[in-house]
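Enquirer: Below: sequence and its predicted model.
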Amino acid sequence: MDIDVFLTSQGVSEEDVRGRTVVIIDVLRASSTILTALHHGARAVIPVPDMEEAGRIASNMDPSVYLLGGERKGDRIDGYHLGNSPLEYTEEQVTGKTIILNTTNGTVAIGRAEGAAYLTVGSFLNASAVVDFIREKEKDATLICAGHQQRASLEDTLCAGLLLDKLWNGERRGGISDTAHIAHTQYVQDVNTLQHTLRSGAHARALQSKGYEADVEYAVQQDSVPLVPDYIDNRLVAPPRASGGK
Ligand code: MLT
């Protein structure tokens, strides 16, 4: 199985994802928020690239069934029900609701990969489950890091490195791409200080300085939300076996 990595989503083309299993990694915070919303019983998360699209979708829905979520510069968008803090997506808030989610990088990255054979989101919260998902699909895979401010980010790169390490059982195979090499090498270098390193990245520091340190602490936990959403009809849904009948 070939596994490629994009350190940001900017250069991703249709050809890069066609026929492949694609995992969008936005540890801080879109992937972690989507996983939490579905884990807490949201009916679906519809990722959208901008406010216009969010408004268009909302205008065709009954207001009692959806919540608008998302951020700009880390803070909740004016007029939206929720921001992009995973901790806001409690059972009380989201059970039975469809979330229309609009974030700076994460939901844009998902849109760029819509043509994948299988599309999902990954973060530290579901790392082992995502690796099982990739193996089960038996297709070549692409890990797309959302990054931060159009640049590679430490937390997404390290998460990609962790997934590669698990997929390869710690043993690097030959013929890998430069970006897979970079992500895995960085992960191996930082593995013993991973928690500290994750908290020291630019995006983590930006969130901490805005009072979102609890989001960072939450998002760096490994395997605490073992759910892998399916992307069907432009929305992410919990797989039947993990939805627990919610
Ligand atoms: C994004 O999609 O750019 C992020 O999830 C931003 C954030 O909420 O920190």
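Expert: Received it, and whenever you're ready, just let me know what you need.

Enquirer: so residue 231 sits in a strand?
Expert: Yes - according to DSSP: H, G, I helix; E, B strand; the rest coil, the state of residue 231 is that of a strand.

Enquirer: Not counting sequence-adjacent ones, nearest residue to it?
Expert: Excluding its sequence neighbours, the residue lying closest to residue 231 (Cβ to Cβ, 6 or more residues apart in numbering) is residue 119, at 3.9 Å. Quick note: C-beta positions are derived from backbone N, CA and C, even for glycine.

Enquirer: Tell me the confidence at the one you found?
Expert: Per-residue pLDDT puts residue 119 at 98.

Enquirer: Secondary structure element holding residue 32?
Expert: Here residue 32 sits within helix 30-39, counting by DSSP states H and E.

Enquirer: Which elements pack onto the helix or strand just after that helix?
Expert: Next helix or strand after helix 30-39 toward the C-terminus (DSSP H and E): strand 44-48. Secondary-structure packing of strand 44-48 (3 or more Cβ pairs under 8 Å, 6 or more residues apart in numbering; DSSP states H and E): helix 30-39, helix 51-59, strand 98-102, helix 106-112, strand 235-237.

Enquirer: just checking, what packs against the shortest one?
Expert: Using 3+ Cβ pairs under 8 Å, 6+ apart as the contact criterion, the secondary-structure elements in contact with strand 235-237 are helix 30-39, strand 44-48.

Enquirer: any idea which of these is most buried?
Expert: Of all these, helix 30-39 carries the top mean neighbour count, a mean of 30, counting by mean count of other Cβ atoms under 10 Å.

Enquirer: now that helix, how far from the centre of its chain.
Expert: For helix 30-39, the distance from its own C-alpha centre to the chain's C-alpha centre is 8 Å (Cα atoms, centre = their mean, to the nearest Å).

Enquirer: and the angle for that helix with strand 44-48?
Expert: 150 degrees (axes from the mean of the first three to the mean of the last three Cα atoms, to 10 degrees).

Enquirer: Kindly calculate the angle that helix 30-39 makes with strand 98-102.
Expert: 170 degrees.

Enquirer: In contact with the residue nearest the centre of the chain, which residues?
Expert: Residue closest to the average C-alpha location in the chain (Cα atoms, centre = their mean): residue 31, at 2.4 Å. Under the criterion of Cβ atoms under 8 Å, 6 or more residues apart in numbering, the neighbours of residue 31 are 24-25, 106, 121-123, 125, 146.

Enquirer: Same question for residue 180.
Expert: 3-5, 160, 164.

Enquirer: out of those, who's nearest residue 224?
Expert: residue 160 (18.8 Å; Cβ to Cβ).

Enquirer: and residue 13, how many neighbours?
Expert: Around residue 13 there are 9 other residues, counting by other Cβ atoms under 10 Å.

Enquirer: hmm, back to that, okay, and which of the contacts of residue 31 map to helices?
Expert: residue 106 (DSSP state H).

Enquirer: Could you work out the most separated pair of the contacts of residue 31?
Expert: Pairwise over the contacts of residue 31, using Cβ to Cβ, the maximum falls at 125 and 146, 14.9 Å.
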